[in-house]
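Engineer: just a sequence and a predicted model for now, questions to come.
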Amino acid sequence: MGKASRRKRERVIARERAPVAPATRLSSRLAAALALAAVLAGGAIGFIETARPQPRPAALVGAAEVARAYAALPQRGQALGRADAPVTMAVYLDPQCPYCGEWERTAMPELVARFVRTGMLRVEVRGLRFVGPDSDRALRLLHAAALQDRFFQATAILYRNQGEENTGWVSDGYLRSLAASVPGADAARLLADRDSPAVDAGIAADERAAAAEGVTGTPSVYLGRTGGPLGKVELTALDASAVAPAIRQLAREARR
Amino acid sequence: MTRVLATARHALIAIGAGASAYLTYVHFADDRVACPTSGCERVQESFYATPHGLPLSLAGLLLFVALAALAASRGAGARTAEAGIAVGGAVVAVYLIGVQVAALGATCPWCLAADASLIGLAALAVARLGAEARRAGTVDG
C-alpha cells in the first residue's frame, strides 16, 4: 500500500471514528431549534399584527338625518330646547326597549320639529337599564354623550340602529361605530368617558328620579308647565299625536 | 459544512444584512428608498414597516448580525440556535412576502432580498441538521 493511499484510509477511519451526536441528542437539538423558531416567528408576527390600525368604523344608519334634525338646537346634558320653553316633557327610556325605539323614531322627529324648534317645548330624557346588560353598555355611551351635550343625537342614532334585546348587540364595535357617528362629538372621549364617575352619577340620578316618579316601564312620558309638577301621560300611540294636543293646551295656558 | 455551503451562508448573511442596513439607514435618515419599482415607498409607508414604531429593517439587521455571530461560533449549541433563528426568520420572511403580494399589492426588492436570504439560510441550516441526523442514524444503526 502506498503512502498516499494509507493516509487516505487513515483519514476515512478517523472521520468514521469521530464523535458523532447520538440520535436522541440530535432529536432534542431539533426540538430546541423548532421551539426557538416557533417562538421567534410567533412573537414577530404577533407583534406586527397587533400594530394593525383599527379600521375606522362606518357611520351608522341615520346619522346624517339626525345631524340635520338636531342642528342648532339648544342642548345641555340630557335636556333639549330652550330653558324658558313653556312646556316640559320628561321621557324615561331603556336603550333596548323596542317601544322606546318606536317612540324615538316616530314621535321625536315631529315633536322636535314642531315644538322644540319653535321654542314651545323642552325635553328631558332619563335613561334606565332594566332590560339587560346591553342596556347598561349603551346607556353609558349616551351619558358620555351628555357630557358633550350630544345626548339627543346619540340616542336618536342608537334607536335607528337598535338590535334585538339581550343578544349582545351593544358590542365594542357597535359602540365605536355609534361614537364615530354622533355629529360633532369627540368619539375617543365618548368611549373613554363611559366608565367615568360623571357617567355613574348621571345613571344613578336617573334611577333615583325614576324611583321617585314610580316609573314601572318604558317609554314613560310626563308633561307639565316648565318649573311645575309633571303629570304622567297615558300613551295611546307611539307617535306625536299621543302628546301634541296636551303640549298645545299647556302652552296656551302658559300664555294666559 | 462544505466550503461551497459555507460560502453560500456567508453570502446570504451579507446580502440580508446589507439590505436591512440600507433600509434602516433610509428610515433614520428620512431619505427616499432607491427603488427600481414603485413598491418600496408603499411597503415602507405601511404599518408593517414600523409596527409599534419599531423599524422592521432594524430588527432584520439584528437578526442577521446574530446569525453571523452564530456562524462564526463553534459547537452544537450555536448550530441549534442558528437553525432555530434562521427557520423562525424564514417563517416571518414568508409571512412578509405574503403581506407584500396579497395585502399591499406592492413589492420592495430590498425587503425581498432580505426575505430570500433568510429563507436560504433556513434551508442551509435545516440541510445541515438533516445531514447530522443521517450521520447519527448511520452510526447508531
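Structural biologist: Alright, I've got the coordinates.

Engineer: if you count neighbours, what's buried in stretch A:91-100?
Structural biologist: By neighbour count on 16 or more other CB atoms under 10 Å in any protein chain shown, the buried set for stretch A:91-100 is A:91-97, A:100. In short, each C-beta sits where N, CA and C put it, glycine included.

Engineer: so which of the residues you listed would you say is closest to chain B?
Structural biologist: Nearest to chain B among the buried residues of stretch A:91-100: residue A:95, at 34.9 Å, using CB to the nearest CB.

Engineer: just give me the neighbour total for the residue lying closest to that closest one once chain neighbours are set aside.
Structural biologist: Nearest residue to residue A:95, sequence neighbours excluded (CB to CB, 6 or more residues apart in numbering or on different chains): residue A:138, at 3.6 Å. Residues within reach of residue A:138, counting by other CB atoms under 10 Å in any protein chain shown, total 28.

Engineer: for residue A:138, give me its contacts.
Structural biologist: For residue A:138, the contacting residues are A:95-96, A:158, A:170, A:175, by CB atoms under 8 Å, 6 or more residues apart in numbering or on different chains.

Engineer: and the residues you listed, which two are the farthest apart?
Structural biologist: Maximum pairwise distance among the contacts of residue A:138 (CB to CB): 13.9 Å, between A:96 and A:175.

Engineer: ok so, going back, pLDDT of the helix or strand where the residue nearest to residue A:95 lies, averaged?
Structural biologist: Assigned by DSSP states H and E, residue A:138 belongs to helix A:133-146. For helix A:133-146, the mean per-residue pLDDT is 97.

Engineer: run the chain-centre distance for it.
Structural biologist: How far helix A:133-146 lies from its chain's middle: 7 Å, per CA atoms, centre = their mean, to the nearest Å.

Engineer: give the buried residues for it.
Structural biologist: A:134-146.

Engineer: let me see the contact set for residue B:108.
Structural biologist: Contacts of residue B:108 (CB under 8 Å, 6+ apart): B:33, B:35, B:37, B:39-40, B:42-44, B:100.

Engineer: make it 7 Å
Structural biologist: Residue B:108 makes contact with B:35, B:39-40, B:43-44, B:100 under the criterion CB atoms under 7 Å, 6 or more residues apart in numbering or on different chains.

Engineer: got phi/psi on it?
Structural biologist: phi -110, psi 110 (degrees, to the nearest 10).

Engineer: over to residue B:30: give its phi and psi.
Structural biologist: Dihedral angles for residue B:30 - degrees, to the nearest 10 - are phi 50, psi 40.

Engineer: what does the one 10 residues further on give?
Structural biologist: Note on residue B:40: backbone dihedrals following degrees, to the nearest 10 are phi -60, psi -50.

Engineer: using the three-state scheme, assign the residue positioned nearest the centre of chain A.
Structural biologist: Centroid-nearest residue in chain A: residue A:175, 2.6 Å away (criterion: CA atoms, centre = their mean). Following DSSP: H, G, I helix; E, B strand; the rest coil, we place residue A:175 in the helix state.

Engineer: so what's it up against?
Structural biologist: Contacts of residue A:175 (CB under 7 Å, 6+ apart): A:137, A:141, A:191.

Engineer: pLDDT wise, what is it at?
Structural biologist: pLDDT recorded at residue A:175 is 95.

Engineer: how about low-confidence regions in chain A?
Structural biologist: Within chain A, the stretches with pLDDT under 70 are A:1-4, A:8-9, A:11-24, A:54-58.

Engineer: can you show me the helices along it?
Structural biologist: A:3-17, A:23-49, A:63-70, A:98-111, A:133-146, A:151-160, A:172-181, A:187-192, A:197-213, A:244-255 (DSSP state H).

Engineer: how about the residues of chain B by chain A?
Structural biologist: Within chain B, the positions adjacent to chain A are B:47-48, B:51-52, B:76, B:80-81, B:83-85, B:87-89, B:91-92, B:95, B:129, B:132-133, B:135-137, B:139-140 by CB under 7 Å from any CB of the partner chain.

Engineer: swap in 8 Å and give it another go.
Structural biologist: Residues of chain B that fall close to chain A, judged by CB under 8 Å from any CB of the partner chain: B:47-48, B:51-52, B:54, B:56, B:59, B:76, B:79-81, B:83-89, B:91-92, B:95, B:125, B:129, B:132-133, B:135-137, B:139-140.

Engineer: all good on my end, thank you.
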